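>>> Below: sequence and its predicted model.
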Amino acid sequence: MTPDEQTTLFDALLDGDINEADFLRLEAELSVDAEVRKAYYRRLEMDLLLEELAAEEVHRLPPLAEPLLQRTSKRGLWWAGLLAAIAAGLVLFVTMFAGPADQLADQNDRPQVAQTIQKNEPSATGFGVLSGQSDAVWEGEAIENGGLLPQGELHLVSGLVHVELFSGVQMVIRGEAMFSIDSPMQVSMRKGSARAHVPEPAHGFRLKTGAGEVIDLGTEFTVDVDETRSSVKVVDGEVELRTREAETRRLRDGEGVELAADGTLAKESAEDIALIGPAAFQDVLAERQSDQFRRWQLATQLLRNDPRLMAHYLVDPTQGWSRTLVNRASAASRVNGTAIAGDGAVVAATRTQDRWGRDGGALDFSRMGSRVRVVVPGEHRGLTLMCWVKINSLDRWYNSLFLTDGHEDREPHWQLMNDGRMFFSVKPPDIDHLSPAERERQVFYSPPFWETSMSGQWIMLATVYDVDQKLVTHYVNGAPISRESIPETFLVESIKIGAASICNWSEPMYRSDATFVVRNLNGCVDEFALFSGALLHEEISNLYHAGNPNER
Amino acid sequence: MEPVNQPRTDDSADSAFVGLLTECQLPLRLYVRALLPGDPAAGDVIQQANAKIWEKRGDFEPGTHFKAWAMAIARFEVLNHRKRQARDARLHFSDELEETVATELAQVTDDLAERQAALRECMQALKPASRELLMRRYATQQPLAEFASQLGRSVGGVKVTLHRLRTALAECIERRLLATGETE
């Protein structure tokens, strides 16, 4: 066998495309020749590495769209547009499905889902995060609170933002501003006003403008920059000013200068720059948030009487010792007197800060074994699951959100894959005769939406299983990120739950469900709701806007 | 109360075990795939193997050869899988060959990280269209014929192109590894 013949046979073998004669020939060679085996391992290894790479890269490829686009209905295009808008807001990878838009409409061809692959090195880029914003308008994509500030020039068209650099420097910047974060110790500013608070470990922090640079020697200063001039004023402490002319001077408390664009000294003093400091800015935001908090509490009260609400768990910060999560849903006004879920029992999870900043208002599930045990009675025509979650990392293959014990017929499983996709399935009865690949079609994946840079941010996830429309829709922050039709054979009209766990899986039954069993979520949850039946788009969106602490 | 048979494992032992298992993922996948070449169910079997390994974690004696132990369990899962699939029997290697593969893969020293880095560099050297073809192929588990028709190309043509690209990549990787080996 020539080397080329050999690799051709390896490829056919690995592609599942080999005939019996060739298989036997290859097997004979493999059995007697260690070198051939070595070559086989190498080829296989490259296959695995290519799969890993492909799982990372495929989102960046343009969709294979031409033949499909011609068939795209108006409805499909409308969806594609909506998805593009969501992508702009949430920085999602939509390219994967924006092209064949009719995949989202009624189509039974499920998109092929790439095999779950562990990425080797989670990484994110940026030198600082956006800690708060007030009426901020960004040129290009909006930046979420808590999000990383990308590298390169940022253009804040208007509004006020609070930026925290990883050096500890805190800045309040007012638009219109054009600036870039060059490193945790250096910011360049072409235009705009800023106030910088520089703690001791970050002394030496530089703020560069066209006219020169300010080096902070501690602790707080303001700058105001435009095309014609830059002015600097020290609020507290001392700075060193280096003009473009290489002149150096020191400024202390209350002192300021104004430089012309060419770096020459224009004025021996500077006007006060009316800009609040980072701490005061956060106070203003907190006040605004507390209004929003009251709105959310009201909305929560109103939600109690929704006849579809089976379970609504909130973590009460005043009951820090309690291992019981009270179900807020009201049993009164139930249609046909259906029972609602009982209270949840907290196991191992510890208390932590919730999305409103209240201590003890959320549960941290990162300790192994953590979970909340619940029992949800009844049979349900459709299901809506919602939770507010803060993910540290998706370091397990399956990261639980809500799983019934075991995985019996007609039971739902809701979790996150380690590549950032949402997973939802309701196990259809009588599918044991199907091949594993066919059975896999009971699972509805969203495209990857979570990436490492979102670690530590509170987000609202929701999934709707709509029996009447035969659709599964996944939502992030109130907006749909994917919608897929349920094939007729897999449609479960009556869902049952019974005993289940929030953020973990109990009593995994190896024989019937062969997946990995360390499944507690490495993250926190402060609200979880389960509705019998399908909520509408608007209802999911309202839940998000009422519960979003950063609602503007 | 039923007595618990398994030795108690506390959280720190569990997390050490998770560490071992995580490190072992690529060799384990390599192994299962080597025994089930071209079988789309290989992914399921790998997960079953992982679940079984986790279930049996109390049996593992720290300090012994984890990879060999894990592979023995994986082998068992491969055999189970074949039993279940008996009706649509795929071609598979003889027992002797499978055992040889197990022994050899358990001993392979792990230079996957270097290979991965080399592969990334070699991918950059390919033409964008070739790179795209490879990435699309490896992002899906579709049968080759389906994949080719989606691209609007013949199966034979795609097969030949993929084969050439893989061979070019394999050679490039070996060259790179040799080069970095020499400079170190």
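Sure thing, it's come through.
>>> Next, the buried residues of the lowest-mean-pLDDT helix or strand in chain B.
Of all helical and strand segments in chain B, the minimum by mean pLDDT, DSSP states H and E falls on helix B:11-23, at a mean of 72. Going by neighbour count (16 or more other C-beta atoms under 10 Å in any protein chain shown), the buried part of helix B:11-23 is B:17, B:18, B:20, B:21. C-beta coordinates here come from the backbone N, C-alpha and C atoms, glycine included.
>>> Repeat that for stretch B:65-76.
B:66, B:67, B:69, B:70, B:71, B:73, B:74, B:75.
>>> so which of the residues you listed comes closest to residue B:118?
Nearest to residue B:118 among these: residue B:67, at 22.7 Å, using C-beta to C-beta.
>>> who touches the nearest residue to residue B:81 once chain neighbours are set aside in this structure?
Nearest residue to residue B:81, sequence neighbours excluded (C-beta to C-beta, 6 or more residues apart in numbering or on different chains): residue B:45, at 4.8 Å. For residue B:45, the contacting residues are B:32, B:36, B:74, B:77, B:78, B:81, by C-beta atoms under 8 Å, 6 or more residues apart in numbering or on different chains.
>>> Keep only those of these that are in helices.
Counting by DSSP state H, the part of the contacts of residue B:45 found in helices is B:32, B:74, B:77, B:78, B:81.
>>> As JSON lines, those with pLDDT and distance to residue B:159 would be great.
Shown next, in JSON lines, are these (pLDDT from 0 to 100; distance: C-beta to C-beta, whole Å):
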{"residue": "B:32", "pLDDT": "90", "distance to residue B:159": "24"}
{"residue": "B:74", "pLDDT": "90", "distance to residue B:159": "30"}
{"residue": "B:77", "pLDDT": "88", "distance to residue B:159": "31"}
{"residue": "B:78", "pLDDT": "89", "distance to residue B:159": "27"}
{"residue": "B:81", "pLDDT": "85", "distance to residue B:159": "27"}
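>>> How much space separates residue A:184 from chain B?
Noted for residue A:184: a distance of 27 Å to chain B, by C-beta to the nearest C-beta, to the nearest Å.
>>> I'd like to know how many residues surround that residue.
For residue A:184, the count of nearby residues is 17 (other C-beta atoms under 10 Å in any protein chain shown).
>>> right, and the pair among the buried residues of helix B:11-23 with maximum separation?
Across the buried residues of helix B:11-23, the longest distance by C-beta to C-beta is 7.4 Å; it joins B:18 and B:20.
>>> Which residue comes closest to residue A:50 once chain neighbours are left out?
The shortest distance from residue A:50 to any non-neighbouring residue, by C-beta to C-beta, 6+ apart, is to residue B:138 (4.5 Å).
>>> sorry, back to before: hmm, which of the ones in helices among the contacts of residue B:45 are the buried ones?
Among the ones in helices among the contacts of residue B:45, those buried by neighbour count (16+ other C-beta under 10 Å) are B:32, B:74, B:77, B:78, B:81.
>>> Nearest to chain A: which residue in chain B?
Closest contact between chain B and chain A, by C-beta to the nearest C-beta, is at residue B:38 (2.9 Å).
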